[in-house]
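Enquirer: missing the sequence, but the structure's below:
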């Protein structure tokens, strides 16, 4: 609505807007700018929280794993005299042959070149996280040891539970891209050259050599045998943590009813199917082969589906060491 000035003339609508009766564009934009600032602030806060979680979560997992490692040592290995592999076993061996070399100092000296190699080949993050894991696990061992009288138990039980705790703890540490130093770090370095070999198998090979050397030097055959049992269990558990306990399978299906079988696998069982073109060596006849990757728990349903459609179908089921992709594990940059 137009007004009048002191001379009785009407103010124009533009004058009215300039006079403040209508909000300026800058004033109208202020609420929108405030909303944008609020969104940006929340985004920055969320990013900061995400970065904090990404930093603190691995530290928390390594700390818990180190506590489990220490518990396995003071509860199962030490009281029962079970041979322990790793750099600690090497330190004990050197101390027996050269008494002037203390075990602790020997272990530290042996770790120095391994950490230098780790710094050069894998990076500083590995060195820092591994130093933390080695330090905190040592602290936990010193804290747990005097808490109670850790009495010996049945050696077989000690092997089982000691192997479980060691395998679980080392698997969790390796998952975070760290090691507990010693032969763990050596296995991590060897993994760079032997990428096809599972981490647990690498570590088992190194620790096996140490345990056998300790058994030969100290003449403790039974302790070494129990140590091998515990080592085998820890290897199985560690690989389960790193690669998954639900073992993957691959089925190869040769049938005259490939279309019906593939439809059931894809639509009813929600499994991917790949058609491979094959040829019989004896008849020379061309034959399509269905390939399907699935999880262990699905094997019964797949066998039943194939049997119902074509009882004469040729079905081959194989173990798959690792399957990456949709429906299975995701690939990670630092995968072991």
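Expert: Structure's in. What do you need? Please read these numbers as outputs of a predicted model, since none were measured by experiment.

Enquirer: quick one: the strands in the stretch 51-200 of the chain, in order.
Expert: Assigned by DSSP state E, counting those that start in this stretch, the stretch 51-200 of the chain shows no strands.

Enquirer: residues contacting residue 59?
Expert: For residue 59, the set of contacting residues under the criterion of C-beta atoms under 8 Å, 6 or more residues apart in numbering consists of residue 132. The way it works is simple: take the backbone N, C-alpha and C, and place the C-beta from them, glycine included.

Enquirer: can you tell me the helix or strand for residue 207?
Expert: Secondary structure assigned from DSSP states H and E places residue 207 in helix 199-218.

Enquirer: now do the same for residue 261: its pLDDT.
Expert: Confidence per residue is given as pLDDT, and for residue 261 that number is 93.

Enquirer: may I see the buried residues of the helix holding residue 207?
Expert: The neighbour-count check on helix 199-218 (16 or more other C-beta atoms under 10 Å) flags 199-200, 202-204, 206-208, 210-211, 213-215 as buried.

Enquirer: how about stretch 56-75?
Expert: Per 16+ other C-beta under 10 Å, stretch 56-75 contains these buried residues: 58, 62, 65-75.

Enquirer: which residues sit against stretch 155-167?
Expert: In this structure, residues lying in contact with stretch 155-167 by C-beta under 8 Å, 6+ apart are 68-69, 71-73, 75-77, 79-80, 82, 152, 200, 222, 226-227, 229-238, 240-241.

Enquirer: narrow the residues you listed to those in helices?
Expert: Secondary structure assignment (DSSP state H) places 68-69, 71-72, 200, 222, 226-227, 229-238, 240-241 from the contacts of stretch 155-167 within helices.

Enquirer: in PyMOL, select just the buried ones from the residues you listed.
Expert: For the buried members of these, the matching PyMOL selection, counting by 16+ other C-beta under 10 Å, is:
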select buried, resi 68+69+71+72+200+226+227+229+230+231+232+233+234+235+237+238+240+241
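
Enquirer: mind giving me the packing neighbours of the helix or strand residue 306 falls within?
Expert: Secondary-structure element containing residue 306, defined by DSSP H and E: helix 299-309. On a contact count with 3 or more C-beta pairs under 8 Å, 6 or more residues apart in numbering; DSSP states H and E, helix 299-309 meets strand 248-254, helix 258-263, strand 314-320.

Enquirer: partners of the last one in the sheet?
Expert: Think strand 314-320. Strands that pair with strand 314-320, judged by DSSP bridges, come out as strand 248-254 (antiparallel).

Enquirer: what's the angle from the strand it pairs with to helix 299-309?
Expert: Strand 248-254 and helix 299-309 meet at an angle of 10 degrees, taking axes from the mean of the first three to the mean of the last three C-alpha atoms, to 10 degrees as the criterion.

Enquirer: buried ones in strand 248-254?
Expert: For strand 248-254, burial by neighbour count (16+ other C-beta under 10 Å) applies to 248-249, 251, 253-254.

Enquirer: what's in contact with that strand?
Expert: Here strand 248-254 makes contact (C-beta under 8 Å, 6+ apart) with 261, 276, 278, 287, 289-296, 298-299, 302, 306, 313-323, 328.

Enquirer: ok, now which ones touch residue 78?
Expert: 145, 150.

Enquirer: do you know the pLDDT at it?
Expert: Taking residue 78 on its own, its pLDDT is 77.

Enquirer: how close does it get to residue 85?
Expert: Taking C-beta to C-beta, to the nearest Å as the measure, residue 78 falls 14 Å from residue 85.

Enquirer: likewise for residue 202?
Expert: Residue 202 is 12 Å from residue 85, by C-beta to C-beta.

Enquirer: then residue 176?
Expert: Counting by C-beta to C-beta, the gap between residue 176 and residue 85 amounts to 22 Å.

Enquirer: name the surrounding residues that touch stretch 273-282.
Expert: For stretch 273-282, the external contacting residues (C-beta under 8 Å, 6+ apart) are 252, 254, 258, 262, 265-266, 285-292.

Enquirer: am I right that residue 290 falls within a strand?
Expert: Yes - note on residue 290: a strand contains this position according to DSSP: H, G, I helix; E, B strand; the rest coil.

Enquirer: partner residues bridging the nearest residue to it once chain neighbours are set aside?
Expert: Leaving out its chain neighbours, the residue that sits closest to residue 290 by C-beta to C-beta, 6 or more residues apart in numbering is residue 253, at 4.1 Å. As for beta bridges, residue 253 partners with residue 290, residue 315 under DSSP bridges.
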